[in-house]
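Visitor: One predicted model, sequence on top.
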Amino acid sequence: KLGWAMGQTHDLEEVKKIMHTPISGEITEREPSNGYLIMQGGVPEVEEFISKYRK
């Protein structure tokens, strides 16, 4: 998605807007910040880092 978004505009704010906008349902309100680690065994260091920024 990032590659596509950057190909649409050179404006950084517009790229951010595109990245935060669900295009095909890839962003959900219910998915946890570490959703990509589900069934992969989360790394404690990553969990600690994420917990500092995501409450």
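Guide: Alright, I've got the coordinates. Residues are numbered from 1 along each chain as shown.

Visitor: what about the residue lying closest to T28 once chain neighbours are set aside, which SS state?
Guide: Once flanking residues are discounted, T28 sits nearest to P22: 7.7 Å by Cβ to Cβ, 6 or more residues apart in numbering. (C-beta placed from N, C-alpha, C; glycine too.) When classified by DSSP: H, G, I helix; E, B strand; the rest coil, P22 comes out as coil.

Visitor: what pLDDT does P22 get?
Guide: On pLDDT, P22 comes in at 87.

Visitor: Counting residues, name the longest helix you see in this protein.
Guide: Ordering each helix of the chain by length in residues (DSSP state H) puts helix 44-53 first.

Visitor: helix/strand/coil for E29?
Guide: coil.

Visitor: What of H10?
Guide: At H10, secondary structure determined by three-state DSSP is coil.

Visitor: Do you know the pLDDT at it?
Guide: Taking H10 on its own, its pLDDT is 93.

Visitor: Tell me how many other residues crowd it.
Guide: 8 (other Cβ atoms under 10 Å).

Visitor: got it, and M19?
Guide: Neighbours of M19 (other Cβ under 10 Å): 14.

Visitor: Verify the stated contact: it with A5.
Guide: Yes: using Cβ atoms under 8 Å as the test, M19 is close enough to A5 to be in contact (5.7 Å).

Visitor: Grab the nearest non-local neighbour of I23.
Guide: K1 (6.9 Å).
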